[in-house]
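[1] Sequence first, then the predicted structure:
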Amino acid sequence: MSMLLICGPAVLRFSGISQALSNGARGPMIILASSLPIYCLSVAAGSWMEGLGRPRPVMVCMGVANLVNLVVNLVLVPGAFGAPALGAQGAACATFASRVVLTLAILAYVARMRDARALGVFDKPDLDPARETEQRRIGYGNGASSFFEMGAFTAMTFIAGVLGALTVAAYTVVLNVVSFVFMVPLGLATATAVMVGRAYGARQPAALNRAAFVGLSVTALFGLLAVAVVWPDARLIALGYTTNRATVAMAAAGMALACLFLIPDALQVVAAQCLRARGDIVVPTFTHLASYMLVMVPLAWFLAIRLNWGISGIVTAITAASFLSAGLLIGRFRMLARRD
């Protein structure tokens, strides 16, 4: 967080985007960066609950946090009920508030669980260097994968910023829709990882492979359903974000093209979690590095800026990276399954 607060404004200044966009992004970035420690606590507590097979309380807490996010957005972004119209900073404040609510809600639930003491919630853990090393190895690998993937998608926003405010607005709409769809595969990935991890710990390769197959199959079917909804309704979905005709037209075109990577993007996150759940940490990390950092970012720059494809170039690069990542990760899992 400290690095982001210190270096973030400088990165914006020298990124090539316009001064107006840079100045407008600085405030929201500082607010969002300040919420990261709180958000990390919620992720750790929520993942612990899901690992216990208790995802429902986490879902309820997230639902409450989303309601808080919506209410604060409706008040602070346009300036309702006499509040100042903060725009992007208001949206960042809404995210900050929702993360605080989510973290406090999950921690409160954990503290009040009937079996909290039996699970050792309030006990000082015994030192176990071997387990601590294994936990760090998995955590660092997962964190590095997320850094590469999220960092690459952040670079896509910078590339859109170089192309101008209209492209940024349209790409933001596309990314928001894609991220919303991605939430379901992300949940399926967590559920699949829990089942794969349990089978791996019990040394049951048949159950492990069956859990992975079910998870990937359900994810593929959901991806098909998402494409069937988003592709024909892209313009209507874009109109739900803005009434600006130019933004709607560009966003609708980008959204329709984005349907090409909805399925592989969903499959790659499930496959990566399956591999991590069975102790394979290095391959998913380097796959995300290669696919997103080394392929997607340069390709997006070349297509969107050098060839002047605009938002189509950005989406095409994401599609290529998604297919590459999904192919490598699923191939790796099949190779390990044959070895088992």
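    All right, it came through fine.
[2] only C-alpha atoms for contact and neighbour calcs from this point on.
    OK.
[3] hey, where'd the strands end up in the stretch 101-250 of the chain?
    Applying DSSP state E, counting those that start in this stretch to the stretch 101-250 of the chain gives no strands.
[4] wait, what's in contact with residue 246?
    Residue 246 makes contacts with residue 166, as judged by C-alpha atoms under 8 Å, 6 or more residues apart in numbering.
[5] so where's the stretch 201-340 of the chain shaky on pLDDT?
    Filtered on pLDDT under 70, the stretch 201-340 of the chain yields no residues whatsoever.
[6] switch the cut-off to 90
    Across the stretch 201-340 of the chain, the ranges flagged by pLDDT under 90 are 201-203, 242-243, 278-282, 337-340.
[7] Just the helices from it, written as ranges.
    Along the stretch 201-340 of the chain, the segments classed as helices by DSSP state H, counting those that start in this stretch run 205-230, 234-239, 245-277, 282-288, 297-301, 311-339.
[8] The stretch 1-150 of the chain too?
    Using DSSP H, counting those that start in this stretch, helices in the stretch 1-150 of the chain cover 2-13, 19-34, 36-51, 55-76, 88-112, 129-163.
[9] The last one versus helix 245-277: what angle between them?
    Pointing back at helix 129-163 there. Per axes from the mean of the first three to the mean of the last three C-alpha atoms, to 10 degrees, the angle that helix 129-163 makes with helix 245-277 is 160 degrees.
[10] Quick one: distance of helix 129-163 to the chain centre.
    Offset of helix 129-163 from its chain centre (C-alpha atoms, centre = their mean, to the nearest Å): 10 Å.
[11] Would you mark the buried spots in it?
    Neighbour-count burial for helix 129-163, with 16 or more other C-alpha atoms under 10 Å as criterion, is recorded at 138, 141-142, 144-145, 147-149, 152-153, 155-163.
[12] Does anything pack onto it? Which helices or strands?
    Counting contacts by 3 or more C-alpha pairs under 8 Å, 6 or more residues apart in numbering; DSSP states H and E, helix 129-163 packs against helix 165-201, helix 282-288, helix 297-301, helix 311-339.
[13] want to try a markdown table for the helices of the stretch 201-340 of the chain, with distance to residue 48 as columns?
    Below are the helices of the stretch 201-340 of the chain laid out as a markdown table (distance: least, C-alpha to C-alpha, whole Å):
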| stretch | distance to residue 48 |
| --- | --- |
| helix 205-230 | 20 |
| helix 234-239 | 35 |
| helix 245-277 | 14 |
| helix 282-288 | 21 |
| helix 297-301 | 33 |
| helix 311-339 | 25 |
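[14] Looking at those helices, which is nearest to residue 62?
    Nearest of the helices of the stretch 201-340 of the chain to residue 62, taken as C-alpha to C-alpha: helix 245-277 at 20.5 Å.
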